[in-house]
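[1] I'd like to go over a predicted model; first the sequence, then the structure.
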Amino acid sequence: MERVVAVEHLRKTYREVIAVDDVTLEIDQNEIYGIIGPNGSGKTTTVEILQGLRQPDGGAIRVLGLDPRTQGEELRRRIGSQLQESALPDRIKVWEALDLFATAAGRNHRDWHEAARQWGIYDRRNAAFANLSGGQRQRLFIALALVTDPVLVFLDEMTTGLDPAARRVAWELIRSVRERGATILLVTHFMDEVEHLCDRVSVFQRGRIVRTDSPSGLVQKHRGVRTVRFSMTERDLEWLSRVPDVDSFESEGDHVLVRGTNAVLAHVGAALVARGITPPDLRVDLPTLEDVYMSLVEANGP
């Protein structure tokens, strides 16, 4: 499969501060690739370098077969970008901004009316940028990033400021952009966004990538301790200490919480049945992507 983005040993410093430290990543054609990490972990700097907006101090970079350091103008004609810090002139109208971006793309541009309708800003097409709400501005910036039908799209905190319903609509529209053949690089703080959209995700911390995998792969590889829950009126829980894979247990009213690893759910279930107990609410709580993310960030420094 063709590599849309190929980065090796990328580095960027600001005086004594190392913003990006030996980052290597590859993004495949038609992939939705996520980047997550704490503030200041190097996510946005990396994305801006890939677009030719910042110059790196070292490393090899190819984006759509081009070097952003020397071919930035050519590259930006083929990509769409919604930056975390974006702005337009206060008096420019929504339709003027969309028309400007579409016209600049020449024969490859999409009808800006379609983009405005898709992103829920068509009824505000005659409004000045200064008069838009935060959510409307965010939808406008995404529409501007996509109106030119780019083959590669950079979205940095795409759904910040959108209400829950608008976020779901945005997810469906991003999937439709991928279905038309585009590749998407998504920077986000929202774990549910990563789980719903991304094929793979890299976790950044202190300027480095500490893990890359599919969202489900991250969870599978870092499951660790899981909690089995069930209701039971019996107060004697000592028998649980003899069940394989059980690390600890406690009662909370009529509920029992058993913590363990590996096949703890199967072992606890079998032990319950052997004692003639069949709780209807037996379940296991597995770590979430957010749990895994937090453990990776904490394990790799403050």
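    Thanks, I have the structure now. If you're wondering where the values come from, they're calculated on a predicted model, not measured in any experiment. Residues are numbered from 1 along each chain as shown.
[2] so Ile27 sits in a helix?
    No: under DSSP: H, G, I helix; E, B strand; the rest coil, Ile27 falls outside any helix and is assigned strand.
[3] so what sits opposite it in the bridge?
    Beta-bridge partners for Ile27, by DSSP bridges, are Val5.
[4] quick check: it touching Leu185?
    Yes: if you go by Cβ atoms under 8 Å, Ile27 and Leu185 touch, sitting 6.3 Å apart. Yep, even glycine has a C-beta here, placed from its N, CA and C like the rest.
[5] and for the two, which residues touch both?
    Jointly contacting Ile27 and Leu185 under the rule Cβ atoms under 8 Å, 6 or more residues apart in numbering are 5, 33.
[6] can you pull out the helices in this structure?
    Applying DSSP state H to the chain gives helices spanning 43-50, 72-76, 94-104, 112-118, 134-146, 164-179, 191-197, 215-221, 264-274, 289-299.
[7] among those, which is nearest Gly59?
    Checking the helices of the chain against Gly59 by Cβ to Cβ gives helix 43-50 as the closest, at 8.5 Å.
[8] and the closest one, average pLDDT?
    Helix 43-50 comes out with an average pLDDT of 95.
[9] ok, now stretch 74-94?
    The average pLDDT within stretch 74-94 is 89.
[10] dump the helices of the chain into JSON lines; add mean neighbour count and distance to Val20 as well.
    Output for the helices of the chain, formatted as JSON lines (neighbours: other Cβ atoms under 10 Å; distance: least, Cβ to Cβ, whole Å):
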{"stretch": "helix 43-50", "mean neighbour count": "23", "distance to Val20": "5"}
{"stretch": "helix 72-76", "mean neighbour count": "15", "distance to Val20": "17"}
{"stretch": "helix 94-104", "mean neighbour count": "18", "distance to Val20": "29"}
{"stretch": "helix 112-118", "mean neighbour count": "19", "distance to Val20": "32"}
{"stretch": "helix 134-146", "mean neighbour count": "22", "distance to Val20": "23"}
{"stretch": "helix 164-179", "mean neighbour count": "15", "distance to Val20": "25"}
{"stretch": "helix 191-197", "mean neighbour count": "20", "distance to Val20": "21"}
{"stretch": "helix 215-221", "mean neighbour count": "16", "distance to Val20": "21"}
{"stretch": "helix 264-274", "mean neighbour count": "17", "distance to Val20": "40"}
{"stretch": "helix 289-299", "mean neighbour count": "17", "distance to Val20": "17"}
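[11] in a markdown table: those helices, plus distance to Gly37.
    Output for those, formatted as a markdown table (distance: least, Cβ to Cβ, whole Å):
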| stretch | distance to Gly37 |
| --- | --- |
| helix 43-50 | 5 |
| helix 72-76 | 24 |
| helix 94-104 | 29 |
| helix 112-118 | 29 |
| helix 134-146 | 21 |
| helix 164-179 | 20 |
| helix 191-197 | 11 |
| helix 215-221 | 13 |
| helix 264-274 | 31 |
| helix 289-299 | 7 |
